[in-house]
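S.K.: Predicted coordinates and the sequence they were generated for:
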Amino acid sequence: MSTGKFSGSMKLAELIGMNWKLLSVLSRLNIGLAFGERTISDVCRMQGINLDSFFLICNAYTYDDYVPSSELLSGAEPLAIVEYLHNSHSFYLDKEFPALESNIKAMTEPCEPVQQKIVGRFFGDYKTQVQKHFAYEEKVVFPYVRSLVAGETSQGYSIEKFEENHSNIDETLNDLKNIVMKYIPDTCDMVLRNEVLYGIFRLEEDLKKHTLIEDRVLIPMVNRMEEK
């Protein structure tokens with residue numbers, strides 16, 4: 001079990017030096033660059049971000065085997081986690097998917113129409129699957145968490161239902177990755193093909209972290225609220 005190596009006295013630049021992929025986390029927390037020599041505590045205080053929530057997200061994003069401590073879960077704010085997950089949804093749908101779709105279209109331009117159709121349909125079906133997954137969280141799960149924080153009760157729903165229906169939205173990406181690597185003809189530009197693969201690998205890894213934060217951070221926090 002990884003317990004994390006981050007502390008409030010660490011400079012934010014040092015955090016990025018330990019894991020540069022946390023740059024995307026900062027953007028989803030609305031933390032800009034040009035933070036100079038400020039510490040993590042300084043930046044979180046300036047941005048109004050709960051420090052324990054920040055550490056939970058960064059640890060889950062950095063360590064694949066991360067299991068949060070009871071202390072961090074108790075000190076974190078559920079709404080901060082929900083806000084981060086919501087911003088991640090927007091990032092995927094507004095940035096990552098359009099960029100990947102554009103690269104796929106450019107990559108398959110030299111292909112036969114039937115090949116273009118297969119790849120395009122496969123990606124389109126996957127995007128629809130992800131949109132439905134996110135829509136459920138936005139319309140059901142997140143409002144439920146907000147109602148619990150507000151002290152309201154919701155008859156007929158619990159976070160257990162989310163656990164039971166929680167699908168891993170990153171699995172289908174592996175099939176798309178194999179199609180691009182194994183079956184797209186050599187007439188396609190190698191640079192574009194690699195760019196598509198980079199995008200798929202990056203999105204696949206990011207979605208796994210997204211799921212990890214839901215499973216090991218959000219759900220345990222909501223379980224605690226429900227017990228109270």
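M.R.: Received, thanks.
S.K.: element containing Glu83, please.
M.R.: Glu83 belongs to helix 78-91 when elements are defined using DSSP states H and E.
S.K.: just how off-centre is that helix within its chain?
M.R.: Using Cα atoms, centre = their mean, to the nearest Å, the mean C-alpha position of helix 78-91 is found 9 Å from that of the whole chain.
S.K.: what angle sits between the very next helix or strand once past it and helix 78-91?
M.R.: Next along the chain after helix 78-91, taking DSSP H and E as the criterion, comes helix 97-107. Calculated by axes from the mean of the first three to the mean of the last three Cα atoms, to 10 degrees, helix 97-107 forms an angle of 20 degrees with helix 78-91.
S.K.: Now helix 97-107: buried residues?
M.R.: Phe97, Leu100, Glu101, Asn103, Ile104, Met107 (16 or more other Cβ atoms under 10 Å). Heads up, the C-betas are built off the backbone N, CA and C, glycines and all.
S.K.: How far does it sit from its chain's centre?
M.R.: Distance, centroid of helix 97-107 to centroid of chain: 20 Å (Cα atoms, centre = their mean).
S.K.: Is it possible to get JSON lines of the buried residues of helix 97-107 that adds distance to Pro68?
M.R.: Listed next are the buried residues of helix 97-107 as JSON lines, based on distance: Cβ to Cβ, whole Å:
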{"residue": "Phe97", "distance to Pro68": "29"}
{"residue": "Leu100", "distance to Pro68": "31"}
{"residue": "Glu101", "distance to Pro68": "35"}
{"residue": "Asn103", "distance to Pro68": "36"}
{"residue": "Ile104", "distance to Pro68": "36"}
{"residue": "Met107", "distance to Pro68": "40"}
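S.K.: which one of the residues you listed is nearest Arg121?
M.R.: Comparing the buried residues of helix 97-107 against Arg121 with Cβ to Cβ places Ile104 closest, at 11.3 Å.
S.K.: just the strands in the chain please.
M.R.: Shown for the chain, no strands are assigned by DSSP state E.
S.K.: show me where it has helices.
M.R.: Under the criterion DSSP state H, the chain carries helices at the ranges 12-18, 22-28, 40-47, 51-62, 70-75, 78-91, 97-107, 113-136, 142-149, 159-164, 171-182, 190-213, 219-227.
S.K.: Mind giving me the packing neighbours of the fourth one?
M.R.: So that's helix 51-62. If you count contacts as 3 or more Cβ pairs under 8 Å, 6 or more residues apart in numbering; DSSP states H and E, helix 51-62 packs onto helix 22-28, helix 40-47, helix 70-75, helix 78-91, helix 190-213.
S.K.: Mind listing residues that contact the fourth one?
M.R.: Which is helix 78-91. When contacts are defined by Cβ atoms under 8 Å, 6 or more residues apart in numbering, helix 78-91 is touched by residues 24-25, 27-30, 49-50, 53-54, 56-57, 134, 137-138, 142, 145-146, 148-149, 210, 213-214, 217-218, 221-222, 225.
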